[in-house]
Each structure stands twice: as structure tokens, then as C-alpha cells.
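1. Quick one, what's the 3D model for this:
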Amino acid sequence: MWSPVAVIVVGTVLDAVTPPPYQFQRFLSAAPALAAVVWPVSGTLAIGGCAVVAEIGLALAKGTLGTAPRLFTLAVTAIVTLAAAYGCAARLRNERLVAELTAVADAAQSVVLRRIPERLGRVEIATLYVAAAAQARVGGDFYEVLHTPYGVRALIGDVRGKGLRAMGAAATLTASFREAAYDAPDLVELAGRLETSAVRYSGLQPDPDDAERFATALLVEVADDEPVARLVSCGHPEALLLRDGQVRVLEPTLPSPPLLLGAVAGIGYHVDTTELRAGDQLLLYTDGVSETRDRSGDFYPLPDRARSWTAVPPGRVLARLHEDLIRYSATGLDDDVAAVAIRAFDPRTQAPPGDRSPREAGVPG
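-> Numbers count the residues shown, from 1 in each chain. A predicted model of the protein is given here:
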């Protein structure tokens, strides 16, 4: 912050105390250039003016004001000051633009990744979203959890691709789920409604790469009146069931196609049912978790790591998952990461244990 001032002070002192062969005053032209990086335009011009005044004072003290080298140095400092002021103005414009774009991205992100209540029905919930790039605000990963007349219904998915098109598809699928989850009588119907929305959105957004565009999704329904969970996996990574120090991979009995490929494949959607007792926990995640690699190229062994998390609340499960992924990855996260942890409890005999720890990293869930 104060480096421009330090350059002027140090350059002036050194030039004043050293013999004529040394020309430390030439370093003064660096002061306005440094100021342009962190100071406003007015501050940059003020620093440049101070540098010029310091050079004139040194020239007067040494009787060299009218010499060609001194005049050349003054001209260079003046030109650098004007150029630095112009660059500073451009930097400030870019910063304002970035701030505006960030606000827009945050608004768009809040549509896809809204804050999820910590408790719905007979389950506790925590969510995690981490963008692969530090500057990224939105991507193709999405999730939603709703309490419907059929129980708690959850969706997690991943649109193939990056950027605004992927985010638009994710927003479309999330909005479709929010509408259909309340009246679709079962998960097969719900998956079909999502497939229809995906096809319609793709038709409104023609693209030469649409033949390779699809979205994986995992639908989960936790009944309010019975200890079961129902799942439909549309080409998505399998959910994990955490129970009493053990982890079970909930592989689908019959594979279901990813969204946008259902009509092409001609395959229907299949519902799997699993017991979900009080204390059991479901861990849903995108392939940004399972495809993280270490330095030797090995994939992240999520089921093995999750065995030590079966007794901790959902928020801490996801916090440990995030920390473990960072440690495991060789070069940082190469893909967006989204995860949802759902833990069942019996509302007739116990209150939810609660989880006041940070529930996520990235964005509010």
C-alpha cells in the first residue's frame, strides 16, 4: 500500500547522499506505476506529482536542472504518471465490472443452490458445494431437498459441460424438480418429468454439441411414516449408506439412463428401496468427489474414508469430506464438488441431535 511513498523517500535520500555518477532519482518514476496497482486515480497522480517535485528539488540542489539527463528523467516520470493514471482508471472500471458480474452470478447461484433447512420431516440435512476454480461462482452441479406430501425428496445432479449453458440446464432441472416433487406420485414419474424438462430446454437451446449433452441425477425419497428410502439413479454416482461404522454402496438394481438420454435409450426408470433407520445417513455426491485423483492417479476411495464418519452429524461429514478431498488431490480440485448428507432420526422418540458446526464450504445450502 505504501510502497510508492517508500520508493520516493528511499530514492530521494539515496540520490541526495551519493556522488553524481549515481542516478537514483531515475527510480522515482516507478512510484506512480506502483500506485496505479492499489491507489485510486487521484492518488496515482498525487504520487506522480510528488516524484516530479522530488526530482526537481534534487536537480536544484545539485545544479543540474537544465541538463539534458535531468530533463529527460523529468519527462519520463511525467509520462509514466499519465500512463499509470490511465491504467489505474482501467483497473477500477474492471473491478466494478467484476463486482457487478459477481453479484449477477451470486443471484443466479442462489436460484440453483438455495439454502436448505437443517431439518425436514424426519431427517437432518447438510449440503456442500465447492467450485473447482476459485473465481467460479456457478457451474453444472446442482441439488435440492424438499418436504413434500410423499416425504422428503432430494435431488442431486451434474450437467455435462461448463459455463452458462450448463448452469442454465441445472437451473431448469432444479426448477422442474421443485414443481414436480409435490405432485408426482412416485420417483419414476418424477424422473420422467425431469427428462421432459431437459428435452424441452435442449430444444430451446440448439447447439452442435447437444448430441453429447446430458445430465446425471439421483432422486431420493425418505418416507415420513416408514423407515425406508427410495432411490432412482439416472446414470449418477451411487449413494452411500452410513450405518454403525459400516458403509454400503447403494448400487441400482437396474441401471437408468441419464437425463436427455432416456428417450434415446428407450429404458425406463427403476426405483430401489433400502431401509433407513434412525441414525442412518445417506451421502449423495457428484463425480467431482469420486473422480478426484491423488499423485499416483488413483481415484478418491470415498467408501473407505466414509467409514470413520458414520457417527458424526451431516455437517461434519461434509466438512471432513471437503478437507479430505483437498488433502488427497494432487493438484487441487479439477471439477466442481457437490454433496448432500441426509441423516434420519425418529421424531416420536427423539429430537434431532442438531449440528451447529459449519455445514458446508462454498455457498449457502
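2. for the record, mean pLDDT for the strand or helix carrying L283?
-> Taking DSSP states H and E as the criterion, L283 maps to strand 281-285. Strand 281-285 shows a mean pLDDT of 97.
3. same question, stretch 338-357
-> Stretch 338-357 comes out at a mean pLDDT of 73.
4. Count the residues that sit near G49.
-> Number of residues near G49 (other C-beta atoms under 10 Å) recorded here: 14. C-beta coordinates here come from the backbone N, C-alpha and C atoms, glycine included.
5. Can you give me the separation between the residue nearest in space to the middle of the chain and R305?
-> For the chain, A131 is the residue whose C-alpha lies nearest the centre (C-alpha atoms, centre = their mean; 2.6 Å). According to C-beta to C-beta, to the nearest Å, A131 and R305 sit 22 Å apart.
6. G168 now?
-> Here the criterion is C-beta to C-beta. By it, G168 lies 34 Å from R305.
7. Please say which of those two ends up with more neighbours.
-> Taking other C-beta under 10 Å, G168 and R305 do not tie; G168 has more neighbours (18 against 15).
8. so which strand or helix has that one?
-> Taking DSSP H and E as the criterion, G168 maps to helix 163-180.
9. Could you check how far the helix or strand following that helix is from the centre of its chain?
-> Later in the chain than helix 163-180, the nearest helix or strand by DSSP H and E is helix 187-204. Centroid separation for helix 187-204 versus its chain: 26 Å, with C-alpha atoms, centre = their mean, to the nearest Å.
10. and what of stretch 267-283?
-> Here the centre of stretch 267-283 is set off from its chain's centre by 28 Å, with C-alpha atoms, centre = their mean.
11. Stretch 179-187 now?
-> With C-alpha atoms, centre = their mean as the basis, stretch 179-187 stands 29 Å off its chain's centre.
12. mind saving the C-alpha coords of it as CSV?
-> C-alpha atoms of stretch 179-187 as CSV (Å, rounded to 0.1, in the frame of the first residue of the first chain):
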residue,chain,number,x,y,z
GLU,A,179,-42.6,-28.1,-9.2
ALA,A,180,-43.0,-31.8,-9.8
ALA,A,181,-41.8,-33.1,-6.5
TYR,A,182,-45.0,-32.0,-4.8
ASP,A,183,-47.4,-33.8,-7.1
ALA,A,184,-45.6,-36.7,-8.9
PRO,A,185,-46.9,-39.8,-7.2
ASP,A,186,-43.6,-41.7,-7.3
LEU,A,187,-40.0,-41.3,-8.3
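13. Contacts for it next, please.
-> Under the contact criterion C-beta atoms under 8 Å, 6 or more residues apart in numbering, stretch 179-187 has outside partners 144, 146, 148-150, 153, 155, 189-190, 193-194, 219, 221, 230-232, 269, 271.
14. Mark which of those are buried, thanks.
-> 144, 146, 148, 150, 153, 155, 190, 193-194, 219, 221, 230-232, 269, 271 (16 or more other C-beta atoms under 10 Å).
15. Mind checking which of the residues you listed are in helices?
-> L190, R193, L194 (DSSP state H).
16. Domain-wise, how is the chain divided?
-> 3-104, 113-344 (automatic domain parsing).
17. Just say which of those is most tucked in.
-> Each of those was scored by mean neighbour count; the highest is domain 113-344, a mean of 19, by mean count of other C-beta atoms under 10 Å.
18. Now do the end-to-end distance for it.
-> Chord length of domain 113-344, first to last residue, is 22 Å (C-alpha to C-alpha, to the nearest Å).
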